[in-house]
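Enquirer: Fold the following and give me the result.
(one chain, ligands or ions: 3)
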Amino acid sequence: MIRSALMNVMTAAALKAGKGLKRDFGEVENLQVSMKGPGDFVSAADRKAEKVIFEELSRARPGYGFVMEESGVVEGTDATHRWHIDPLDGTANFLHAIPMFAVSIALEREGQLVAGLVYNPATDDMYVAEKGQGAWNNNRRLRVSQRRDVAMSLIGCGVPHLGKATAHPRFKAELAGVMAKAQNVRRMGAAALDLAYVAAGRFDAWWERGLNTWDFAAGALLVREAGGFVSDADGGPDFMETGTVCAGNEWIHRELLAILRAAR
Ligand code: IPD
Ligand code: CA
Ligand code: CA
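Expert: Ligands and ions are numbered 1, 2, ... in the order given. Prediction:
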């Protein structure tokens, strides 16, 4: 594990928010059967978790800025540090009582990702990384997979939902390209956890477009610290700006980029 003051602060915030999410997740199953459904309940759970994280981090590191999914941008007095926070990544899973969701917290220092945490309260899986200190799942050090043959690879992805219909044609073309080369494809529904799965060597590579920094900033550092590669979907370095991400081990990352390029 990583025992730094910074990681203590981050894990404390995630565990506190996670406790509430775990409790609320238990309620969701009961609410599934009601006519109204759990929609409002889940968005309240989401906002509550973000408030907890914001308060904890503001207290421990006063002055740092925030980029948060629910509350937006909060400028800090310290212009060199910025948190990227998704209090509940995998909302649709949470809503459907699927235990695949996470709290995601990343810290950017002078434009560089220096710490990342992805925590799934349903399974108690804590994934953490700090620049130069490796990536960890609970007490286990993470390494990306060593698979080099794309025909043997398992590729994760994100599927644009109904509201993003303009993104459907490109996604279908890319998926067709991947299906023609890779062993198979997975769509888990939580970008932060998808990247943790790349770091853990479960996915050989993964890609998604149309994301925000809070979805992938923590996971991107996990992958890098596990020895993997992260770029935007065109292979460039600016994924924090473009919101398109391609991650994987050295070989399958390169293969996946070539497949995406050919699908254009
Ligand atoms: C979503 C998840 C999902 C991805 C979406 C994201 P949310 O985040 O990460 O896997 O496909 O693009 O918006 O809304 O559950 O926090
Ligand atoms: Ca998200
Ligand atoms: Ca979210």
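Enquirer: Which residues of this protein lie near ligand 1?
Expert: With the criterion set to Cβ under 6 Å from any ligand atom, the chain comes near ligand 1 through Asp86, Leu88, Asp89, Gly90, Thr91, Gly158, Gly189, Ala190, Ala191, Glu208, Leu211, Asp215. For every residue, glycine as well, the C-beta is placed using N, CA and C.
Enquirer: And those, which two are furthest apart?
Expert: Greatest spacing in the residues of the chain next to ligand 1, by Cβ to Cβ: Leu88 and Glu208 (17.3 Å).
Enquirer: can you count the residues close to the residue of the stretch 101-250 of the chain found nearest ligand 2?
Expert: Going by Cβ to the ion, ligand 2 is nearest to Asp215 of the stretch 101-250 of the chain, at 4.1 Å. Asp215 has 25 neighbouring residues, counting by other Cβ atoms under 10 Å.
Enquirer: cool, and Asp89?
Expert: By other Cβ under 10 Å, 28 other residues sit near Asp89.
Enquirer: who touches stretch 73-88?
Expert: With contacts defined as Cβ atoms under 8 Å, 6 or more residues apart in numbering, stretch 73-88 is touched by 17, 21, 42, 45-47, 49-50, 52-54, 57, 61-70, 94, 101-110, 192, 213-215, 217-218.
Enquirer: Look up how far ligand 3 lies from Lys16.
Expert: 17 Å (Cβ to the ion, to the nearest Å).
Enquirer: meant to ask about Gln146
Expert: Gln146 is 32 Å from ligand 3, by Cβ to the ion.
Enquirer: cool, Ala12 as well?
Expert: 20 Å.
Enquirer: now that residue, what's its secondary structure?
Expert: Here Ala12 is recorded as helix under DSSP: H, G, I helix; E, B strand; the rest coil.
Enquirer: Ala151: what's its closest spatial neighbour, skipping adjacent residues?
Expert: Leaving aside its chain neighbours, Ala151 sits nearest to Gln183 (6.2 Å; criterion: Cβ to Cβ, 6 or more residues apart in numbering).
Enquirer: isn't that neighbour right up against Leu154?
Expert: Yes: look at Gln183 against Leu154 with Cβ atoms under 8 Å: they come within range, at 5.9 Å.
Enquirer: Of the two, give the one with the bigger neighbour count.
Expert: Between Gln183 and Leu154, Leu154 has the larger neighbour count (other Cβ under 10 Å), namely 18 against 14.
Enquirer: phi, psi of that one?
Expert: Dihedral angles of Leu154 (phi, psi; degrees, to the nearest 10) stand at phi -110, psi 120.
Enquirer: How about the one 4 residues further on?
Expert: Note on Gly158: its backbone torsions stand at phi -120, psi 140 [degrees, to the nearest 10].
Enquirer: Show me where the stretch 151-264 of the chain has its helices.
Expert: Here the stretch 151-264 of the chain has its helices, by DSSP state H, counting those that start in this stretch, at 168-179, 191-199, 213-225, 239-242, 250-262.
Enquirer: still on that earlier bit, quick one: residues contacting the closest residue to the residue of the stretch 101-250 of the chain closest to ligand 2 other than its chain neighbours.
Expert: Ranked by Cβ to Cβ, 6+ apart and with sequence neighbours excluded, the top spatial neighbour of Asp215 is Ala191, at 4.2 Å. Going by Cβ under 8 Å, 6+ apart, Ala191 touches Asp89, Gly158, Glu208, Leu211, Asp215, Phe216, Gly219, Val245.
Enquirer: Any chance of the residues you listed in CSV with pLDDT as columns?
Expert: Shown next, in CSV, are the contacts of Ala191 (pLDDT from 0 to 100):
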residue, pLDDT
Asp89, 97
Gly158, 98
Glu208, 98
Leu211, 98
Asp215, 98
Phe216, 98
Gly219, 99
Val245, 98
